[in-house]
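# Sharing a model that was predicted from the sequence below.
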Amino acid sequence: EVQVVESGGGLVQAGGSLRLSCAASGFTSDDYAIHWFRQAPGKEREGLLCISSSDDSAYFVDSVKGRFTISRDNAKNTVYLQMNSLKPEDTAIYYCAAGLLPVLNYDGMDYWGKGTLVNVSS
């Protein structure tokens with residue numbers, strides 16, 4: 001069974017850090033580009049960044065550049081999102097998704113997780 005499971009969300013104060021994990025099972029995640037999205041209350045889902053199958057990172061929004069980094073541990077079939085200098089506007093449900101290409105294309109994702117909530121207090 002194919003599964004993508006996010007974890008690591010929680011409540012953090014502004015300026016703090018969190019590391020989210022995206023654990024894949026039922027497929028080899030390093031064959032895919034793994035993307036991180038988020039959806040804030042009342043807003044549309046937003047693509048943030050991804051890591052390609054060759055471990056290149058691509059950012060899709062300027063708001064997280066310099067603060068968020070993505071990495072993968074192929075031995076654990078897991079991708080991580082390190083989030084530093086968090087701001088209240090980063091509050092959202094964070095999703096990871098697997099797609100064949102490292103481009104922002106919601107319809108091009110093959111597998112989605114159910115999300116993990118990040119709440120940044122001011």
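It's in. Numbering: from 1, shown residues only.
# Which pLDDT value goes with the residue most central in space within the chain?
The centre of the chain sits closest to residue 36, judged by C-alpha atoms, centre = their mean, with a distance of 2.6 Å. Looking at residue 36, its pLDDT reads 98.
# can you check residue 63 too?
96.
# And for it, nearest residue in space, chain neighbours not counted?
residue 89 (7.8 Å; C-beta to C-beta, 6 or more residues apart in numbering). Quick note: C-beta positions are derived from backbone N, CA and C, even for glycine.
# Pretty sure residue 50 is one of the things the residue nearest to the centre of the chain touches, is it not?
Yes - contact criterion C-beta atoms under 8 Å: residue 36 and residue 50 qualify, at 7.0 Å.
# pretty sure the residue nearest to residue 63 is in a strand, no?
No - the assignment for residue 89, made by DSSP: H, G, I helix; E, B strand; the rest coil, is helix rather than a strand.
# Check which residues of the helix or strand hosting residue 47 are buried.
Per DSSP states H and E, residue 47 falls inside strand 46-51. For strand 46-51, a neighbour-count test (16 or more other C-beta atoms under 10 Å) marks 46-51 as buried.
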